[in-house]
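Engineer: Prediction below, plus the sequence it came from.
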Amino acid sequence: MELIHQPGDIIQQRYRILEILGQGGVGITYASEDLESGDRVALKALSFRRMSDWKKIELFEREAKILSQLYHLAIPRYLDYFQVDTGSDRFFYIAQQLAPGKSLATLIENGWQPQEKQVRHIAIQVLEILIYLQSLKPPVIHRDIKPQNIILNFSPTAKDRGDIFLVDFGAVQDTYHNTVTGGSTVVGTYGYMAPEQFRGQAVLATDLYGLGTTLLFLLTGKSPADLPQRHLKIDFRPHVRISPDFANWLDIILEPVSDDRFPSANLALAVLRGEKQIQDVISHFSLTKPQRPKNSSIIFHKTEAELTIEIPPKQLRNYASWFISIILLIGNGFFLLTFWVLFFEYLSFLNLFGFIFMCFFLLTYLFLILPRIADYVLSPISKTRIKINQNGFWLKRWLLGWSFQNCHEYVLDINDVIAKPMQPITVSAFNKTLRKYRFASLLSTSEKKWIVWEIRAFLDKLS
């Protein structure tokens, strides 16, 4: 990228350019002097004329917006966002507190070879920053955790382990933006990007992968892209000398599938500190995650971006479901016939109160009882499809080509997904009003638990 400014240039009669700190996909960052306060600041600049991709403006403005909302000692303080127009160009700027120290990349290039204890300490500090970012509403995902963006404030020969700063939020996104607008920009740095980022996706575990690859760089002095892979996973063990528990911990955050990593920085930190045993965590995942029931004909397809579940009318071969459906049909027909006879036989004898009661009972039946009965009756012979992605949650059911249930909700509006014994799966959505959608009445209990767990887990990942 061509330099925008040279040392000595003064921006907006306030910031004097001192030297270049770094450059990436979104702007060039300079070390500058604030002429009003005398402080050194980091000034990121973006030229409109030299911009090759309009998306960079959106990323730049998003970075400024999110930085202005962050308050953490390990994240350089946001100072200002402004633009300067000239006769031939428009420049955009973000001013931040300048983090003291040098990047991990620079330290390694200068010959630093950290030991496991130092690498662990760096991992702990970065995880504490990620815990803060993930605790925000909505959570913030950095998306570009790498050695160049982690500043260590100490001398490699000093006894002090030093303080960590996380910089360059040029690739940052908040999960609300990603979920509602379906942002799919591929950003990050090759070698440190989680596999899902190549598809334009990012979840909380994405930053954990970036941390893992950064730690490998510290331990080996090599880019993770230069390390061998086995089954799409970095095969790092022959190239490092670390304790088995630390290697096992790295194994989890370097899993290529995000669902196989720690779901949050909080849990990753608890395991790293020894507050939770890694085997207990793995056992907990295996116990809480229901396995696919045997002989289930449910069609299940999941990628990083979308979950699709198709429930065929397999219950036609289930005699119990036929029995329940027939009993419900007979009972419902008997009830309607009795109600019809009684209502018209004694209509002339009913007083106003009795008439209102009968009407109320009929409306309750039509809107509360009948839909439940219809759900049980139609379940054995209808097809159901659930689809979830960043753009929403879809539930569609149809019979012989006729759709009798078709709903769409935004992911953030989904309130809960539950399946009680002897009841259908219920999806609750709330946005000003509460809406409930029911399906899969006659599935087995194990199938319902499996579907509910998968839906909840995928919704959690998106939100």
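Structural biologist: Happy to help now that I have it.
Engineer: For the stretch 1-150 of the chain, just list every one of the helices.
Structural biologist: Secondary structure of the stretch 1-150 of the chain (DSSP state H, counting those that start in this stretch): helices at 55-67, 104-109, 116-135.
Engineer: now those as CSV including distance to Arg435, mean pLDDT and mean neighbour count?
Structural biologist: For glycine as for every other residue, the C-beta is placed from the backbone atoms N, C-alpha and C. Shown next, in CSV, are the helices of the stretch 1-150 of the chain (distance: least, Cβ to Cβ, whole Å; pLDDT from 0 to 100; neighbours: other Cβ atoms under 10 Å):
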stretch, distance to Arg435, mean pLDDT, mean neighbour count
helix 55-67, 32, 83, 18
helix 104-109, 49, 94, 18
helix 116-135, 29, 94, 19
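Engineer: Quick check: bridge partners of the nearest residue to Asp80 once chain neighbours are set aside?
Structural biologist: Using Cβ to Cβ, 6 or more residues apart in numbering and skipping the chain neighbours, the partner closest in space to Asp80 is Ala95 (4.1 Å). Taking DSSP bridges as the rule, Ala95 bridges to Leu43, Asp80.
Engineer: from what I can see Leu211 touches Leu127, true?
Structural biologist: Yes: contact criterion Cβ atoms under 8 Å: Leu211 and Leu127 qualify, at 7.1 Å.
Engineer: OK, contacts around the nearest residue in space to Asp89 that is not next to it in sequence?
Structural biologist: Excluding the flanking residues, the one nearest Asp89 by Cβ to Cβ, 6+ apart is Arg49, at 4.2 Å. Going by Cβ atoms under 8 Å, 6 or more residues apart in numbering, Arg49 touches Ser88, Asp89, Arg90.
Engineer: make it 10 Å
Structural biologist: Going by Cβ atoms under 10 Å, 6 or more residues apart in numbering, Arg49 touches Ile4, Thr86, Ser88, Asp89, Arg90, Phe91.
Engineer: Quick check: PyMOL command selecting the buried ones in those residues.
Structural biologist: To isolate in PyMOL the members of these that are buried, counting by 16 or more other Cβ atoms under 10 Å, one can use:
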select buried, resi 4+91
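Engineer: Pick the one among the contacts of Arg49 closest to Asn389.
Structural biologist: Arg90 (35.9 Å; Cβ to Cβ).
Engineer: Give me the pLDDT for the nearest residue to that closest one once chain neighbours are set aside.
Structural biologist: Nearest residue to Arg90 in three dimensions, chain neighbours excluded: Phe48, at 4.1 Å (Cβ to Cβ, 6+ apart). Phe48 carries a pLDDT value of 82.
Engineer: Could you report the neighbour count for Phe48?
Structural biologist: Phe48 has 15 neighbours, counted by other Cβ atoms under 10 Å.
Engineer: looking at it, Asp80 is touching Ala64, isn't it?
Structural biologist: Yes: counting by Cβ atoms under 10 Å, Ala64 is a contact partner of Asp80 at 9.0 Å.
Engineer: quick one: common contacting residues for these two?
Structural biologist: Joint contacts of Asp80 and Ala64 (Cβ under 10 Å, 6+ apart) are Tyr93, Ile94, Ala95, Gln96.
Engineer: which one of the residues you listed has the most neighbours?
Structural biologist: Ile94 (25 neighbours).
Engineer: Any regions of the stretch 51-200 of the chain where pLDDT drops low?
Structural biologist: For the stretch 51-200 of the chain, the stretches with pLDDT under 70 are 52-53, 155-161, 172-188.
Engineer: what's Gln390 sitting at in phi/psi?
Structural biologist: phi -60, psi -20 (degrees, to the nearest 10).
Engineer: What is the burial count for it?
Structural biologist: As a burial measure, Gln390 scores 20 neighbours (other Cβ under 10 Å).
Engineer: on that earlier part again, so what's the residue nearest to Arg90 up against?
Structural biologist: Contacts here follow Cβ under 10 Å, 6+ apart; on that basis Phe48 touches Trp54, Lys56, Ile57, Gln83, Asp85, Ser88, Asp89, Arg90, Phe91, Phe92.
Engineer: Distance check, the first one against Ile4.
Structural biologist: Yep, that's Trp54 we're talking about. 18 Å (Cβ to Cβ, to the nearest Å).
Engineer: same thing with the last one?
Structural biologist: With the distance defined as Cβ to Cβ, Phe92 ends up 10 Å from Ile4.
Engineer: what does the fifth one give?
Structural biologist: In this view, Asp85 and Ile4 are 14 Å apart by Cβ to Cβ.
Engineer: again with Asn266
Structural biologist: Between Asn266 and Ile4 the computed distance is 39 Å (Cβ to Cβ).
Engineer: what does Leu412 give?
Structural biologist: In terms of Cβ to Cβ, Leu412 sits 38 Å off from Ile4.
Engineer: Also Leu232?
Structural biologist: Distance, Leu232 to Ile4, by Cβ to Cβ: 39 Å.
Engineer: list the buried ones in stretch 252-264?
Structural biologist: Neighbour counts over stretch 252-264 (16+ other Cβ under 10 Å) mark Ile252, Ile253, Leu254, Glu255, Ser258, Asp259, Arg261, Phe262, Pro263, Ser264 as buried.
Engineer: Taking these together, which two end up most distant?
Structural biologist: Farthest-apart pair in the buried residues of stretch 252-264 is Leu254 and Ser264; separation 16.2 Å (Cβ to Cβ).
Engineer: before we move on, the earlier item: who touches both of Phe92 and Ile4?
Structural biologist: In terms of Cβ under 10 Å, 6+ apart, Phe92 and Ile4 are both contacted by the residues Gly27, Ala45, Leu46, Ser47.
Engineer: Please report which of those has the highest neighbour count.
Structural biologist: Highest count within these by other Cβ under 10 Å belongs to Gly27, 26 neighbours.
Engineer: okay but that one is in contact with Tyr93, surely?
Structural biologist: Yes: contact criterion Cβ under 10 Å: Gly27 and Tyr93 qualify, at 8.8 Å.
Engineer: shared neighbours of these two, which are they?
Structural biologist: Between them, Gly27 and Tyr93 share these contacting residues under Cβ under 10 Å, 6+ apart: Ile4, Leu43, Lys44, Ala45, Leu46, Phe60.
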